[in-house]
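K.L.:
Need a 3D model of the sequence below.
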Amino acid sequence: MTEIPTQTSNGEYETNKSDFEFTIDIVKEAGVYIREALRDTIETRWKADNTPVTNIDIAVNAMIIEKIKQRFSSDRVHGEEESTEDNVDSRYTWVLDPIDGTQAIGKLDTFTVCLARLDTEGRSLFSVVYNPLRDELYTAERGEQSLLNGVPLEVSKKEVIKGSYVHFGSGLRFDDLVTNGVLYDRLEGQGAKIFNTRSLAHGCVEVAKGEFEGAFVGVRTPFEAASVKLIVEGAGGTVTDLYGNETGRLDGEINGLVVSNGLIHKELVQALKP
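P.N.:
Below is the predicted model:
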């Protein structure tokens with residue numbers, strides 16, 4: 001019988017360990033495929049939003065959907081490159097980014113695989129972010145401390161913008177907020193050190209690891225957000241939308257993310273305002 005998280009009397013869900021281990025296994029299996037696929041010619045095309053997609057993205061998306069449907073036939077999968085049909089009886093939704101940071105392939109070792117399982121309220125029960133080239137596995141379960149390859153994660157204790165490492169990752173696609181250029185100038189003017197490794201999730205988990213103090217996810221899609229929010233919060237960090245509000249559901253359109261160690265969060269949100 002398929003094991004699923006059970007709902008307690010207070011409305012919370014208890015994660016079934018075998019489901020979480022299954023998630024880790026399929027993401028690591030995807031990592032094996034990615035490392036082997038990188039030895040061959042990579043086929044790249046550009047989507048309507050001017051972002052690249054490769055044959056590897058498409059294959060990993062399909063592979064993970066197939067694995068999930070074999071075990072959880074009634075679950076919905078919301079993937080960046082492909083999704084399953086909506087099921088009105090679905091209690092759970094998986095949010096999948098098969099390759100976050102496609103532009104880094106062949107150039108940087110920062111691209112990741114992101115996968116999270118969400119409850120009926122659009123909140124992550126557990127999530128993983130896996131870097132197949134570094135063999136770094138970030139894992140989080142609701143209410144538990146986040147881990148990197150089994151070792152507890154903790155955000156940095158830096159309290160000021162000056163000297164803080166902040167990750168951008170993508171353009172800000174919100175007309176009522178400042179542009180990337182203005183944001184860059186504002187934060188650099190306060191002494192921040194700006195990074196861009198082409199993977200939104202990589203910048204966020206670096207905050208969870210304590211290497212970066214902040215990161216911005218400037219997109220409306222949840223494919224990275226559903227995984228990184230739980231990981232950062234489980235390391236003691238803070239995650240809001242770009243306006244400083246609760247993120248809300250992470251299985252549909254979002255208002256981006258501001259991710260931080262919690263100590264410089266207000267300053268990062270303020271820097272986005274026109």
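
K.L.:
When you work out contacts or count neighbours from here on, use the C-alpha atoms and nothing else.
P.N.:
Noted.

K.L.:
For my notes, confirm Asp185 occurs in a helix.
P.N.:
Yes: the assignment for Asp185 is a helix, going by DSSP: H, G, I helix; E, B strand; the rest coil.

K.L.:
any idea how far it is from Ala192?
P.N.:
Separation of Asp185 from Ala192 (Cα to Cα, to the nearest Å) stands at 10 Å.

K.L.:
repeat for Leu118
P.N.:
34 Å.

K.L.:
neighbour-wise, which of these two wins?
P.N.:
Leu118 (24 against 20; other Cα atoms under 10 Å).

K.L.:
Quick check: beta-bridge partners of that one?
P.N.:
Leu118 forms beta bridges with Thr93, Ser124, as assigned by DSSP bridges.

K.L.:
That one is in contact with Glu141, isn't it?
P.N.:
No: the pair Leu118 and Glu141 fails to qualify as a contact (Cα atoms under 8 Å) at a distance of 11.1 Å.

K.L.:
okay, and the common contacts of these two?
P.N.:
125-126 (Cα atoms under 8 Å, 6 or more residues apart in numbering).

K.L.:
what about Arg173, distance to Phe111?
P.N.:
Distance from Arg173 to Phe111, by Cα to Cα: 21 Å.

K.L.:
So between the two, which is more surrounded?
P.N.:
Phe111 (28 against 16).

K.L.:
how about the more buried one, what does it touch?
P.N.:
By Cα under 8 Å, 6+ apart, the neighbours of Phe111 are 99-102, 104-105, 131-132, 198-199, 202.

K.L.:
can we see that at 10 Å?
P.N.:
Residues near Phe111 by Cα atoms under 10 Å, 6 or more residues apart in numbering: 98-105, 129-134, 197-202.

K.L.:
what does Ala37 give?
P.N.:
Contacts of Ala37 by Cα under 10 Å, 6+ apart are 31, 55-56, 59.

K.L.:
just the buried members of those residues?
P.N.:
31, 56, 59 (16 or more other Cα atoms under 10 Å).

K.L.:
can you put these in TSV and add pLDDT and secondary structure?
P.N.:
Output for these, formatted as TSV (pLDDT from 0 to 100; DSSP: H, G, I helix; E, B strand; the rest coil):
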residue	pLDDT	secondary structure
Gly31	98	helix
Ile56	97	helix
Ala59	97	helix
